[in-house]
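**Student:** Sharing a sequence plus its predicted fold:
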Amino acid sequence: MNPACDIPATRWVGGRRNAMPESLSQVIATIVASRLLCVCASMPRMVTRSRVIRSITGLPGALIPSAWVAGLLIVIVGFTGSLVLVLPAAQSAGLTPAQLGSWAWAICVGSGVATLLLSLVYKQPVLTAWSTPGLALLGTALAQYRLSEAVGAYIAVGAVVALLGISGLFERVVRVIPQPVALAVLAGLLLKYGLALFTSLAENPLAVAAIIATYLLLRRLGMRVPMAGALLVGFGAAWALGLLDLSGVRLELTTPVFVWPEFTPRALVGLGLPLLVLALASQDLPGFAVMRAAGYTPPVKGSLIVTGLISVLLAPALNHGQTLAAITAAIGNSPEAHPDPQQRYGAAVVAGALKIILGLFGATVMGLLVALPSAVVAALAGLALSGTILSCLTNSFAEPKHRDSALWALLVTASGVQFFGIGSAFWGFVAGVLVNRLLERER
């Protein structure tokens, strides 16, 4: 028998292994996890070993200087543009420094491993990331749930993503919710960060004004990563004003902190379902589209299986979900990364390796961000998301037939309203889909 199919129902409590879970939800979760591993272990191999060997032996030709530059650029964009969003979500939920470092460790290492694995297996620039829309959601919703409930939702989402990859139902599921509605919900979640940019200006005008001016100037000069300059100026301004506290920053390897999951209906619906839809519609779908536009046939099934399983495995370390990269995928898939499309996977390999290295020092990276004043962090987050907010608003209202449903989804989500303990993102999806169905019938 395949050992993956013979997994006993066990759990860890206080470091001890107990024979049976206490609740039905834990029994179901154990069965689902064991069946998922069983199916994946018994699947035919999607690629031959020889292809992986060819990818590895071909790396010297793929790792030309432009590939190294593109890989480094991918990491800089990812870290300066979205990793900073972990901080407000963690602070709102009251996470400890150890838990914050574990979160950064899990998403960075998970993303790096998934990128390396998929790029070498398929010899394509398959770039993965952590769910940026998920971070925006958690910034408003994480404090409403126990951390164990959030981990349970993360595991459930990862399992569903992997099952969608196995079943091939990805595109059918995504079509249930119109893309403009999904983008409007994301815009509603991100509005608070955009508005915080200006409230932070009132709180610390000198530092924030310097950050905004630097960002706009670098954009005017055509710099590809203006956020990197804004981040450096943020640190410089905080230091000059005597507001930078580096006393708690130490260069050391991160020890992950594991949280035992708890599966509750309110967290699965209010947190898990929005996380799933945002990941699929706002990152996975655009990520595959970028690869197709570059002339590749993206490995949809393999990508969903790998990112889903890694999300499940690292969820107890507070990984909120791995997805396909959307924005940084354009960097790795462009001719600037490598003129030969067959060798372009080298940039993804560089990015994956760098993410793993930086992830191992996740606590140090997050310690640097914690050392910044809250106003500076809010300004950096607002600037980092300004382009995404603009893109979401533009695309969600682009088609006249979807404008009403997008507006309802945006307003409900931005309101922060809760019903039955379920957050506004879920109700934004519900309102958007219902209005879309109602008005589509009228038309």
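**Tutor:** Structure's in. What do you need? Numbering: from 1, shown residues only.
**Student:** Wait, Leu271 touches Leu147, no?
**Tutor:** No. Judged on C-beta atoms under 8 Å, Leu271 makes no contact with Leu147 at a distance of 11.4 Å. From N, CA and C alone the C-beta is placed, and that goes for glycine too.
**Student:** which helices and strands does whichever strand or helix holds Leu285 pack with?
**Tutor:** Taking DSSP states H and E as the criterion, Leu285 maps to helix 285-293. Packing partners of helix 285-293 (3 or more C-beta pairs under 8 Å, 6 or more residues apart in numbering; DSSP states H and E): strand 322-324, helix 327-332.
**Student:** and if we set it to 6 Å?
**Tutor:** Contact partners of helix 285-293 among helices and strands, from 3 or more C-beta pairs under 6 Å, 6 or more residues apart in numbering; DSSP states H and E: helix 327-332.
**Student:** pLDDT averaged over the helix it packs on - what is it?
**Tutor:** When pLDDT is averaged along helix 327-332, the result is 76.
**Student:** could you point out which element follows that helix?
**Tutor:** Remark: after helix 327-332, the chain's next helix or strand is helix 345-360, criterion DSSP H and E.
**Student:** how far does that following helix sit from the chain's center?
**Tutor:** 16 Å (C-alpha atoms, centre = their mean, to the nearest Å).
**Student:** Name the surrounding residues that touch it.
**Tutor:** By C-beta atoms under 6 Å, 6 or more residues apart in numbering, the residues outside helix 345-360 that reach it are 62-63, 67-68, 70-71, 74-75, 105, 108-109, 111-112, 115-116, 119, 123-125, 127, 253, 332, 337.
**Student:** list the buried ones in that helix?
**Tutor:** By 16 or more other C-beta atoms under 10 Å, the buried positions in helix 345-360 come out as 345-352, 354-356, 358-360.
**Student:** same check, this time on stretch 234-246
**Tutor:** Buried residues in stretch 234-246, counted by 16+ other C-beta under 10 Å: Gly234, Phe235, Ala237, Ala238, Leu243, Leu244.
**Student:** do stretch 164-173 as well
**Tutor:** Going by 16+ other C-beta under 10 Å, stretch 164-173 has these buried residues: Leu164, Gly165, Ile166, Phe170.
**Student:** Can you give me the end-to-end span of that stretch?
**Tutor:** 8 Å (C-alpha to C-alpha, to the nearest Å).
**Student:** what's the model's confidence in that stretch, averaged?
**Tutor:** Averaging pLDDT along stretch 164-173 gives 80.
**Student:** Low-confidence bits of the protein, can you list those?
**Tutor:** 1-50, 80-81, 174-175, 224-225, 327, 420-423, 441-443 (pLDDT under 70).
**Student:** quick one, strands of it?
**Tutor:** 11-13, 16-18, 128-130, 322-324 (DSSP state E).
**Student:** before we move on, the earlier item: looking at Leu271 and Leu147, which one has more neighbours?
**Tutor:** Ranked by neighbour count (other C-beta atoms under 10 Å), Leu271 and Leu147 place Leu271 first, with 30 against 18.
**Student:** Any figure for the gap between the nearest residue to the more buried one once chain neighbours are set aside and Met227?
**Tutor:** The shortest distance from Leu271 to any non-neighbouring residue, by C-beta to C-beta, 6 or more residues apart in numbering, is to Ala153 (4.4 Å). Distance, Ala153 to Met227, by C-beta to C-beta, to the nearest Å: 29 Å.
**Student:** Please say which of these two ends up with more neighbours.
**Tutor:** Between Ala153 and Met227, Ala153 has the larger neighbour count (other C-beta under 10 Å), namely 29 against 26.
**Student:** Quick check: the more buried one vs Leu318, distance?
**Tutor:** Ala153 is 12 Å from Leu318, by C-beta to C-beta.
**Student:** In contact with the spatially most central residue of the chain: list those residues for me.
**Tutor:** With distances taken as C-alpha atoms, centre = their mean, the residue of the chain nearest its centroid is Ser131 (1.4 Å). Going by C-beta under 6 Å, 6+ apart, Ser131 touches Ala279, Gly321, Thr323.
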